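Engineer: Pasting the sequence and the predicted coordinates here, then a few questions.
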Amino acid sequence: MSLYQKIVLAGGNGYLGKVLANYYKNLCHQVIILSRKPAAQVGNVSTILWDGQTEGSWERALDGADLLINLCGKNVNCRYTEENKKAIIQSRVVATALLGKVIGKLKHPPKLWINVTSATIYRHAEDRSQDELTGEIGHGFSVDVCKQWEQTFFGTQTPGTRKVALRMGIVLGRSDGVFPRLLNLVKLGLGGKQGNGQQMVSWIHEQDVAHIADWLLQHPEIDGVINCTAPQAVKNTDLMRAIRKQYGMLFGLPSPEWLLEIGARLIGTETELILKSRWVAPQRLLKAGYSFRFTDIEPAVCDILEHNNKHSTFKS
């Protein structure tokens, strides 16, 4: 018997959206993905077209939903040109404002709206972890994006819908995202520390992302900002060592900062994505009693590699 009637994933055609759809398809009657690209229905997972900017017939998908997860946003893995900056901000702010406007008019709005934002909103931190209560907001373009994003989200008038801004760490996943790229460096013998290797990495296993969203749906007393990271952040050098160890690679050449800058320009990205120290603590989740499936980096890396070797499917 299904626990839920309807789950909606706005912008859910990317990697994380697929993880969530795969998780929820066994827990609810209907999973709906709002996407700019059409896709065939698979089981109880269907896609409805929207442009993320204008109202339309897609609004009916939100009516009576148990949960809406907003995953919209242009990939930040690019050079921060003025054109890209504008697209990064608008793809997040416009879609979030639109969802808020529509939800505010519904007779039966979603019970919970989770906006997946980013833990990069906090400052570069090598001295202490940043939690929801005492964490210090940083400076720079990426932080400005997160601030505008969350201001838009919490500024929408949705009295019938509980709202949670999920400040996401770096998602370690089985098929896409950051992990396969780091693994490729290890395979090539380039899996050493990046920069000085002392920058902290706040990560989260994809299974915990799915379970946290579900857990929040079952805990109506929780709203506001939630840090979505594993309890134990790691230094970049320790993250790369864990991947090498679990993969069985004895060595990994380091990548100094000057080399990373050259490489970033060549592939069209920013070194900030690698060199910023993100030390974020999920204090509210821990205090509220959420039990993480993966708290330490080595078991998480081991799980991902074992899963890839067995070619099994994601299970909830």
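Structural biologist: Cool, got the structure.

Engineer: What degree of burial does residue 281 show, as a neighbour count?
Structural biologist: Neighbour count of residue 281, defined by other CB atoms under 10 Å: 24. In short, each C-beta sits where N, CA and C put it, glycine included.

Engineer: That one: what's it in contact with?
Structural biologist: 129-131, 227, 229, 231, 233 (CB atoms under 8 Å, 6 or more residues apart in numbering).

Engineer: tell me the two of those that are most distant?
Structural biologist: By the measure CB to CB, 130 and 231 form the most distant pair in these, at 13.4 Å.

Engineer: Neighbour count: the two, which is higher?
Structural biologist: Between residue 130 and residue 231, counted using other CB under 10 Å, residue 130 has the larger neighbour count: 26 against 16.

Engineer: who are the neighbours in contact with that one?
Structural biologist: Here residue 130 is in contact with 122-123, 136, 227, 279-281 (CB under 8 Å, 6+ apart).

Engineer: now residue 40
Structural biologist: So residue 40 contacts residue 47 (CB under 8 Å, 6+ apart).

Engineer: Next one: it from residue 308, what distance?
Structural biologist: As for residue 40, its distance to residue 308 is 26 Å (criterion: CB to CB, to the nearest Å).

Engineer: Quick one: the helices in this structure, in order.
Structural biologist: 15-24, 82-103, 141-155, 178-187, 206-217, 236-247, 257-267, 272-275, 283-288, 297-310 (DSSP state H).

Engineer: Report the beta-bridge partners for the nearest residue to residue 285 once chain neighbours are set aside.
Structural biologist: Spatial nearest neighbour of residue 285, chain neighbours left out: residue 226 (6.3 Å); criterion: CB to CB, 6 or more residues apart in numbering. For residue 226, the beta-bridge partners under DSSP bridges are residue 166.

Engineer: Count the neighbours of residue 226 for me.
Structural biologist: 23.

Engineer: Now do it against residue 282, distance only.
Structural biologist: 7 Å.

Engineer: now residue 54
Structural biologist: Residue 54 is 36 Å from residue 282, by CB to CB.

Engineer: Got the confidence number for residue 190?
Structural biologist: Per-residue pLDDT puts residue 190 at 89.

Engineer: Hmm, residue 249 and it touching each other?
Structural biologist: No. With contacts defined as CB atoms under 8 Å, residue 190 does not count as touching residue 249, sitting 10.1 Å away.

Engineer: what residue ranges in the chain are flagged as low confidence?
Structural biologist: Along the chain, segments meeting pLDDT under 70 span 1, 267, 310-316.

Engineer: center of it, which residue is that?
Structural biologist: Centroid check for the chain by CA atoms, centre = their mean gives residue 168 as the closest residue, at 4.6 Å.

Engineer: correct me, but that residue touches residue 209?
Structural biologist: Yes. Residue 168 lies in contact with residue 209 (CB under 8 Å); the separation is 7.3 Å.

Engineer: shared neighbours of those two, anything?
Structural biologist: residue 228.

Engineer: Number of residues surrounding residue 238?
Structural biologist: 17.

Engineer: residues contacting it?
Structural biologist: residue 297.

Engineer: Let's see that with 10 Å instead.
Structural biologist: With contact taken as CB atoms under 10 Å, 6 or more residues apart in numbering, residue 238 is in contact with 193, 197-198, 200-201, 297-298.

Engineer: For the residues you listed, which two are the farthest from each other?
Structural biologist: Most distant of the contacts of residue 238, by CB to CB, are 198 and 298, 19.2 Å apart.

Engineer: before we move on, the earlier item: quick check: neighbours shared by residue 190 and residue 249?
Structural biologist: Common neighbours of residue 190 and residue 249 (CB under 10 Å, 6+ apart) are residue 240.
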